[in-house]
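1. Provided below are the primary sequence and the corresponding predicted coordinates.
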Amino acid sequence: MKSIAKNYKLILASVGLILLLASIGVHYFEEFKAYRFLRGFISIAFLCILIYYKQKQVNPLIATFLLIYATSSFATIWYENETMAVVALLLNFISFLFIVKALWKQASFKNLGVFLSIVFVVFIIVNAFMLYRFINMLKDFTVGNLQYAAMLLGAMVLVVTGFLVLLYNHACNTKASLVFALAMFLFIFAEIFRALAYYDLGFGNLFVFIARGTLILATALVIHFCLMNKAPKEQLSRR
């Protein structure tokens, strides 16, 4: 069992490094469509690793999330087209709904206490407001109200995801739950840095590579979480 664990960790690290180097390479040569294609390929590559190790035991909600997230990324190849931009944003929104569904039954206010409950509620309100302000800042860069609405939907589902994964981690308080919580917040940061990079809101290519590196790490951690040994209470919903 230990050799298998070391094997999959090495594979995750190796695939992640290859994808990062490939992304840096294609971006350096200004092959931007290939760069966007690689974003979708990241989810597919790591999903294949998960299927190889788990086979029929793969959590269908996690697998669906990765597939739709990949499709959303592939759609960004034509992001300059208004229709495709909206399609990409809506697919991104839909993909995170599967994470919300996977977390929904596991996230609980039980044993949270009044003080922590208030802290969590304040947290989601503040983060929702901050993301709203961020999306509102991007409004001038959108090409229509539909694209702006899709951005708002995406922001809302990220806030809900962050809130639920914090509740899940608090309820379980284990290494596995912490890994998944970290993965989800890395996905959120990857989305934010991707927007900052695409709309060129400072720091040149730095945000581009931070977004890509964060995305690769987030996806690898999701697979790592799925392959970890977990107690029943740590298991995410499968449907």
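-> Sure thing, it's come through.

2. and the gap between the residue of the chain positioned farthest from its centre and Leu164?
-> The centre of the chain is farthest from one residue, Val114, which by CA atoms, centre = their mean lies 30.0 Å away. Look at Val114 and Leu164: by CB to CB, to the nearest Å, they are 20 Å apart. Glycine gets a C-beta too; all of them are placed from N, C-alpha and C.

3. same question for Val100.
-> Using CB to CB, one gets 6 Å for the distance from Val100 to Leu164.

4. who's more crowded, those two?
-> Neighbour count, other CB atoms under 10 Å: between Val100 and Leu164, Leu164 has more, with 22 against 17.

5. which residues in this protein form helices?
-> Using DSSP state H, the helices of the chain run over 2-28, 32-54, 60-75, 82-104, 113-137, 145-172, 175-198, 206-227.

6. quick one: the second one to helix 206-227, angle?
-> Helix 32-54 runs at 10 degrees relative to helix 206-227, counting by axes from the mean of the first three to the mean of the last three CA atoms, to 10 degrees.

7. export helix 32-54 as PDB, just CAs?
-> Listed next in PDB are the C-alpha coordinates belonging to helix 32-54 (Å, rounded to 0.1, in the frame of the first residue of the first chain):
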ATOM      1  CA  PHE A  32      -2.100  31.500 -26.500                       C
ATOM      2  CA  LYS A  33      -4.700  29.100 -27.900                       C
ATOM      3  CA  ALA A  34      -2.400  26.200 -27.000                       C
ATOM      4  CA  TYR A  35      -2.000  27.700 -23.600                       C
ATOM      5  CA  ARG A  36      -5.800  27.800 -23.100                       C
ATOM      6  CA  PHE A  37      -6.000  24.300 -24.400                       C
ATOM      7  CA  LEU A  38      -3.500  23.100 -21.800                       C
ATOM      8  CA  ARG A  39      -5.700  24.500 -19.100                       C
ATOM      9  CA  GLY A  40      -8.500  22.100 -20.100                       C
ATOM     10  CA  PHE A  41      -6.000  19.300 -20.600                       C
ATOM     11  CA  ILE A  42      -4.800  19.700 -17.000                       C
ATOM     12  CA  SER A  43      -8.200  18.500 -15.600                       C
ATOM     13  CA  ILE A  44      -8.300  15.600 -18.100                       C
ATOM     14  CA  ALA A  45      -4.800  14.400 -17.400                       C
ATOM     15  CA  PHE A  46      -5.300  14.300 -13.600                       C
ATOM     16  CA  LEU A  47      -8.800  12.800 -14.000                       C
ATOM     17  CA  CYS A  48      -7.200   9.900 -16.000                       C
ATOM     18  CA  ILE A  49      -4.800   9.300 -13.100                       C
ATOM     19  CA  LEU A  50      -7.700   9.200 -10.700                       C
ATOM     20  CA  ILE A  51      -9.600   6.700 -12.900                       C
ATOM     21  CA  TYR A  52      -6.500   4.600 -13.300                       C
ATOM     22  CA  TYR A  53      -6.200   4.200  -9.500                       C
ATOM     23  CA  LYS A  54      -9.800   4.200  -8.400                       C
END
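
8. now for that helix, which elements pack on it?
-> Applying 3 or more CB pairs under 8 Å, 6 or more residues apart in numbering; DSSP states H and E, one finds that helix 32-54 contacts helix 2-28, helix 60-75, helix 206-227.
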